[in-house]
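I need the structure of the sequence given here:
(2 chains)
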Amino acid sequence: MSVYEATPWLRQAESDLRVAEALRQVPRPMRPEDAGCHAAAMCAQTVEKAIKGYMIVNGSSPKMDHRPDKYIHALLNKGDPLLRHKEHHPHLSKLFDISTRRAVGDLLALTPGASGQRTDAVNTEYPWQAKGEWRENPVGSLAFLDSQVEYWIRLARRVKDGLHKLAIAAQRYDPD
Amino acid sequence: MGAIAEIDATEVLNDRAVRKLLESHRQQTEQPLMLAVRFSGDVAGDIYLLEVLVDFPGADDDELFITDFAPSASLVMLGKLHLVLASPSQIRAAIKHRDPLLDDISKGSVVYSDGSKIAKTLRKELGL
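Just a heads-up that it's a prediction; the model follows:
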């Protein structure tokens, strides 16, 4: 697998992030309550694709599920075979500090299906149950207030940019 | 005499490695190369290379991004490669913040320029 195969993943992650930023501006015909959940979904997509792209940089084929955060622990272990680019370890340790790891897990958990078959899981796309009844939906939910979405966008930008820089460095070190 | 021969051999190998890198990088269309500067750093015999890339990710005021590489089968050299990557805006921010790395970079030599107006301006701003 070539390090260059990561490029489409990172390019799409960058596009998803631009869409998240655009949605937060509530373009017409959206209503203000529409923006939060859809922007959060795009942030989760950004992080998911950036991590998967970075796994490809390391010569691994990521599983096509929505929880690539499971790889982060391995990437932070310098001796783990999943981390082919050992020289990236200091950057990865800085990028994925404890609070970032927790936030990435929280964000990816919002992807539909990420919490298995649960019907009460807050997510970016489908209604969920409370007290055994379908009462809640993503649009207008307090889970997706603008301040929270602003935080998700900052997080997605940081993770995407950090992994994208490492991917570019790895590609530039492979002159053949 | 032996020491001089050793230094010469290092220079020849490392010069060849830099030429090979630049030959490859100037052909890349994703984040195209705008300006490359080879400079000296803390470790004699290592390669220090700054590459300014169009569309390099990150905020305009992100600090300069540095990665170190050991020799490999595809890039034969003596010592390590210290590769500094930045966007034009990140270089300007580093100048503004007086990043200490710029002291070394400003004493280096330009090994590639795409000839653009921005590249020419950056060279001036870097004192090259």
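
okay, strands next: where are they in the chain?
In the absence of a named chain, this looks at chain A. Here chain A has its strands, by DSSP state E, at A:128-130, A:133-136.

chain B is the one I meant
Under DSSP E, chain B gives strands at B:33-39, B:47-53, B:65-69, B:81-86, B:109-113.

any idea which of the strands of chain A is most buried?
strand A:128-130 (a mean of 15; mean count of other C-beta atoms under 10 Å in any protein chain shown). To be clear about C-beta, it is placed using only N, CA and C from the backbone, and glycine gets the same treatment.

what pairs with it, parallel or antiparallel?
strand A:133-136 (antiparallel) (DSSP bridges).

so what touches the partner strand?
Defining contact as C-beta atoms under 8 Å, 6 or more residues apart in numbering or on different chains, one finds that strand A:133-136 is touched by A:122, A:127-130.

go with 6 Å
A:127-128, A:130 (C-beta atoms under 6 Å, 6 or more residues apart in numbering or on different chains).

can I get the strands of chain A in CSV with mean pLDDT?
CSV is the format used below for the strands of chain A (pLDDT from 0 to 100):
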stretch, mean pLDDT
strand A:128-130, 96
strand A:133-136, 96
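
give me the residue from chain B nearest chain A.
Nearest to chain A in chain B, going by C-beta to the nearest C-beta, is residue B:24, at a distance of 3.8 Å.

what about that residue, how many neighbours?
Residues lying near residue B:24 (other C-beta atoms under 10 Å in any protein chain shown) number 18.

return the most buried member of the strands of chain B.
Highest mean neighbour count among the strands of chain B (mean count of other C-beta under 10 Å): strand B:47-53, with a mean of 24.

just checking: what are the partner strands of that one?
By DSSP bridges, strand B:47-53 pairs with strand B:33-39 (antiparallel), strand B:81-86 (parallel).

CSV for the strands of chain B, including mean pLDDT?
As requested, the strands of chain B are exported to CSV (pLDDT from 0 to 100):
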stretch, mean pLDDT
strand B:33-39, 98
strand B:47-53, 98
strand B:65-69, 95
strand B:81-86, 97
strand B:109-113, 98
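
returning to what we had before: which among the strands paired with strand B:47-53 is found nearest to residue A:82?
Closest to residue A:82 of the strands paired with strand B:47-53 is strand B:81-86 (C-beta to C-beta; 22.8 Å).

can the strands paired with strand B:47-53 go into CSV with extra columns for distance to residue B:95?
Converted to CSV, the strands paired with strand B:47-53 look like this (distance: least, C-beta to C-beta, whole Å):
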stretch, distance to residue B:95
strand B:33-39, 13
strand B:81-86, 11
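
apart from its neighbours in sequence, what residue is nearest residue 93?
By default, I'm working from chain A. Among residues not flanking residue A:93 along the chain, residue A:76 sits closest, at 6.1 Å (C-beta to C-beta, 6 or more residues apart in numbering or on different chains).

switch to chain B, please.
Of all residues apart from its sequence neighbours, residue B:61 sits closest to residue B:93 (C-beta to C-beta, 6+ apart), at 4.3 Å.

and the one you found, how many residues sit next to it?
12.

and it, its phi and psi?
Phi and psi for residue B:61, reported as degrees, to the nearest 10, are phi -100, psi 20.
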